[in-house]
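Asker: No sequence on hand, only this structure:
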């Protein structure tokens with residue numbers, strides 16, 4: 001039984017093969033291609049014409065990047081014509097065709113459709129639009145020239161690229177490869193604006209630009225200005241940088257952040273900040289309220305640092321009185337007078353420490369002057385009768401007072 005099945009299958013295959021050969025012989029002798037042109041421009045009318053001596057009507061199968069389509073012929077006397085749909089005529093590239101009759105392919109060929117030379121459209125991309133001065137950074141100009149049907153132009157078509165920086169012009173010829181023409185536009189050592197454009201056939205791109213920003217800042221110097229050297233807690237001291245530049249001599253960009261780090265003689269650090277304008281940054285601080293010495297240094301984080309400047313502040317207040325009124329339980333401090341015998345400014349700080357003899361109460365209070373004076377009342381609801389050690393510290397001067405609170 002199995003042998004019979006194999007025999008039937010073999011006979012069927014041989015029969016189909018013989019039929020295919022007969023069709024191929026028949027059609028090859030009955031039909032001939034008249035159209036010999038193999039090169040077209042996109043947008044052209046493309047037809048294939050065949051001579052035929054018999055009444056056969058094969059189908060034409062066409063294949064390109066759009067896909068595959070089957071065309072029926074138009075018969076005129078002894079000729080068959082197959083005209084391509086517009087979408088196939090407009091698409092550049094290789095188009096393969098084959099004549100098929102009763103599922104048998106008996107004639108094949110291909111044509112080449114080139115981009116339309118009449119009109120060129122130029123898509124241009126440029127970026128990044130911000131680069132850093134020096135020899136390492138660059139922007140890339142990418143051009144995609146196409147015809148009116150959006151076919152990219154042939155490889156090898158030349159694109160002219162122009163660049164300008166501070167009246168210095170450069171021109172480059174770049175061939176299209178794999179549909180694009182590109183060129184790296186290197187950064188300059190000087191900051192500024194680089195302009196670029198492209199030209200292909202009779203089409204020009206619009207002007208594009210990239211901005212070359214200064215490179216990282218280099219080390220710089222700082223100095224300070226003040227009206228006097230007294231620690232009055234009122235006057236402003238101003239720290240100013242020199243003109244900060246990169247290694248190519250470009251002034252750093254406006255808004256570059258500068259950190260000023262201040263260390264006082266007690267090892268306590270303070271911080272101030274400033275942003276550059278025309279390469280310089282300024283930071284302002286109030287004078288301290290007690291004699292001190294500051295060491296000041298500035299930084300552009302991760303890039304540059306300044307020298308260290310040392311600033312000394314002299315005592316503005318030499319001495320001050322303190323009194324205690326037992327009846328009112330009132331501690332009076334001041335008046336505090338500054339270096340010209342004037343009252344210290346309102347808000348001058350005073351540190352007050354109150355400790356009971358038994359150390360049950362240990363309070364710290366911060367007072368602020370008004371008209372050069374400050375006061376504090378030891379409320380009987382909080383401070384019971386007993387002996388207290390009071391420490392007053394102002395303008396770097398510390399004073400102690402031992403008081404006894406008793407019943408009125």
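Answerer: Perfect, I can see it now. None of these values were measured; they are calculated from a predicted model.

Asker: Which residue ranges of the stretch 1-150 of the chain form helices?
Answerer: Along the stretch 1-150 of the chain, counting by DSSP state H, counting those that start in this stretch, helices occupy 2-30, 86-89.

Asker: per-stretch mean pLDDT over those helices, give me the minimum one.
Answerer: Lowest mean pLDDT within these: helix 2-30, at a mean of 48.

Asker: Report the buried residues of stretch 314-322.
Answerer: For stretch 314-322, burial by neighbour count (16 or more other C-beta atoms under 10 Å) applies to 315, 316, 317, 320, 322. For every residue, glycine as well, the C-beta is placed using N, CA and C.

Asker: just curious, which of the residues you listed is nearest to residue 65?
Answerer: Closest to residue 65 out of the buried residues of stretch 314-322 is residue 316 (86.4 Å), distances taken as C-beta to C-beta.

Asker: got a list of what that closest one touches?
Answerer: Shown in contact with residue 316 (C-beta atoms under 8 Å, 6 or more residues apart in numbering): 230, 231, 232, 233, 289, 338, 339, 344, 395.

Asker: Just the ones in strands from the buried residues of stretch 314-322, please.
Answerer: Members of the buried residues of stretch 314-322 lying in strands (criterion: DSSP state E): 315, 322.

Asker: can I get the buried residues of stretch 314-322 in CSV with distance to residue 400 and pLDDT?
Answerer: Listed next are these as CSV, based on distance: C-beta to C-beta, whole Å; pLDDT from 0 to 100:
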residue, distance to residue 400, pLDDT
315, 19, 94
316, 22, 93
317, 17, 94
320, 14, 95
322, 9, 94
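
Asker: Could you single out the nearest of the buried residues of stretch 314-322 to residue 180?
Answerer: Among the buried residues of stretch 314-322, residue 316 lies closest to residue 180 (C-beta to C-beta), at 72.3 Å.

Asker: Hmm, residue 299 and residue 219 touching each other?
Answerer: No. Using C-beta atoms under 8 Å, residue 219 makes no contact with residue 299, being 10.0 Å away.

Asker: Show me the common contact partners of the two, please.
Answerer: Common contacts of residue 219 and residue 299 (C-beta under 8 Å, 6+ apart): 305, 306.

Asker: from the contacts of residue 316, which is closest to residue 121?
Answerer: Nearest to residue 121, judged by C-beta to C-beta, of the contacts of residue 316 is residue 233 at 71.1 Å.

Asker: dump the residue contacts of the residue nearest to the closest one when sequence neighbours are not counted.
Answerer: Once flanking residues are discounted, residue 233 sits nearest to residue 289: 3.6 Å by C-beta to C-beta, 6 or more residues apart in numbering. Contacts were defined as C-beta under 8 Å, 6+ apart; by that measure residue 289 touches 231, 232, 233, 316, 348, 349, 394, 395, 396.

Asker: Would you mind checking the residues you listed for buried ones?
Answerer: Buried members of the contacts of residue 289, scored by 16+ other C-beta under 10 Å, are 231, 232, 233, 316, 348, 349, 394, 395.

Asker: What about these, which are in helices?
Answerer: Within the buried ones among the contacts of residue 289, no residue falls in helices by DSSP state H.

Asker: Between all of those, which two are separated the most?
Answerer: Among those, 316 and 349 lie farthest apart (C-beta to C-beta), at 13.2 Å.

Asker: top strand in the chain by residue count?
Answerer: strand 104-114.

Asker: how near is the nearest residue to residue 338 once chain neighbours are set aside to residue 77?
Answerer: Here the nearest residue to residue 338 in space, its sequence neighbours aside, is residue 316; by C-beta to C-beta, 6+ apart that works out to 4.7 Å. Remark: distance between residue 316 and residue 77 (C-beta to C-beta, to the nearest Å) = 119 Å.

Asker: One more: residue 150?
Answerer: Distance, residue 150 to residue 77, by C-beta to C-beta: 39 Å.

Asker: Same drill for these two, tell me which one is more crowded.
Answerer: More crowded of residue 150 and residue 77, by other C-beta atoms under 10 Å: residue 150, with 14 against 5.

Asker: which ones are touching the more buried one?
Answerer: Each residue near residue 150 by C-beta under 8 Å, 6+ apart is listed here: residue 121.

Asker: Same question for the one 4 residues further on.
Answerer: Taking C-beta under 8 Å, 6+ apart as the definition of contact, the neighbours of residue 154 are 114, 115, 176.
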